[in-house]
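> Give me coordinates for this.
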Amino acid sequence: MSSIWSRPSPPRRPVLTREAIVAAAVAVADAEGLAAVSIRRVAAELDARAMTLYSYIERKEDLLALMLDEVSAEVLVEEPLPASWREALLLLARRERELVLRHPWRVELISQRVEIGPNGLRHVEQKLSAFDGLGLDRLTCWRFLAVFNDYMTGFVVRESLERGAPRSEGINDAERAAVAEPYIKELVRSGEFPRLAPMIEQGVRGADDNFERGLNWVLDGIERALPGR
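Alright, predicted model coming up:
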């Protein structure tokens with residue numbers, strides 16, 4: 001079995017192409033979530049038979065890989081990147097966050113360790129290029145990137161889950177809060193949570209966005225670890 005990336009695209013037909021199949025699958029995932037994507041469902045969207053799609057894509061895992069790589073192209077930034085390594089990474093981080101907000105199912109695909117494609121590799125290459133000229137050895141550069149990615153992944157996964165978390169049937173957020181609030185207040189007033197209590201009672205989340213603040217904290221740490229600092 002060979003990688004989807006090493007197999008040539010089948011000959012084009014007037015309507016049904018690998019590109020059309022992937023576009024239809026992405027549209028289904030955007031509208032209804034990743035669980036709705038199947039070869040049969042995508043075939044129906046294209047008014048084709050499921051067996052016909054197998055002439056273009058051998059298995060669902062290949063379709064998922066192609067979908068992930070298709071949307072990964074949206075993260076790529078036209079070069080040259082900003083001259084400042086910090087500004088370059090901030091730009092790429094913003095693009096990645098925007099991508100997940102448009103395609104929240106990307107988080108689920110990443111967790112499934114779907115095969116990376118050329119656009120995914122190009123994205124990693126662009127991130128690495130931000131460190132050019134800093135005098136870093138390969139291992140240090142990779143470690144810095146790993147820390148940056150760990151923050152990015154954690155934030156966008158949490159944000160995606162908060163925005164798209166499944167709701168219990170028949171219960172909305174207001175009703176859920178009304179049920180939980182008395183119990184939480186009782187616990188807080190018990191005195192067992194002296195640090196947490198004022199945060200719950202007075203609120204700490206507010207309307208500010210912690211994304212860039214956290215990113216800059218990460219970048220501050222990287223900057224202090226640069227050679228000669």
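
> Residue 214 versus residue 159, what's the distance?
12 Å (C-beta to C-beta, to the nearest Å). No exception for glycine: its C-beta is placed from N, CA and C like everyone else's.

> Ignore what I typed, I meant residue 30.
27 Å.

> about what we covered before: who's more crowded, residue 159 and residue 214?
residue 159 (18 against 14; other C-beta atoms under 10 Å).

> residues touching that one, list them.
By C-beta atoms under 8 Å, 6 or more residues apart in numbering, the residues touching residue 159 are 97, 100, 101, 211.

> and the gap between it and residue 211?
8 Å.

> For these two, list the residues in contact with both.
residue 97.

> Tell me the first helix or strand C-terminal of the helix or strand of the chain with the lowest mean pLDDT.
Sorting the helices and strands of the chain by mean pLDDT, DSSP states H and E puts helix 173-189 at the bottom, at a mean of 71. Sequence-wise, the next helix or strand downstream of helix 173-189 (DSSP states H and E) is helix 196-202.

> buried ones in the following helix or strand past that next one?
Later in the chain than helix 196-202, the nearest helix or strand by DSSP H and E is helix 211-224. By neighbour count on 16 or more other C-beta atoms under 10 Å, the buried set for helix 211-224 is 211, 215, 218, 219, 222.

> mean confidence for helix 211-224?
Mean pLDDT, computed over helix 211-224, is 95.

> now for it, which elements pack on it?
On a contact count with 3 or more C-beta pairs under 8 Å, 6 or more residues apart in numbering; DSSP states H and E, helix 211-224 meets helix 85-102, helix 138-164.

> any idea how far residue 217 is from residue 224?
With the distance defined as C-beta to C-beta, residue 217 ends up 11 Å from residue 224.

> Over to residue 162?
Note on residue 162: its distance to residue 224, by C-beta to C-beta, is 31 Å.

> ok, residue 187 to residue 66 distance?
48 Å.

> Those two: which has the busier surroundings?
Between residue 187 and residue 66, counting by other C-beta under 10 Å, residue 66 is the more crowded of the two (22 against 14).

> Helix or strand for the closest residue to the more buried one other than its chain neighbours, just tell me which one.
Leaving aside its sequence neighbours, residue 66 sits nearest to residue 22 (C-beta to C-beta, 6 or more residues apart in numbering; 4.7 Å). Using DSSP H and E, residue 22 sits within helix 18-32.

> Need the contact partners of the helix or strand following that helix.
On the C-terminal side of helix 18-32, the closest following helix or strand by DSSP H and E is helix 39-45. Contact with helix 39-45 is made by 21, 24-25, 27-28, 49-50, 52-54, 57, 60, 63, as judged by C-beta under 8 Å, 6+ apart.
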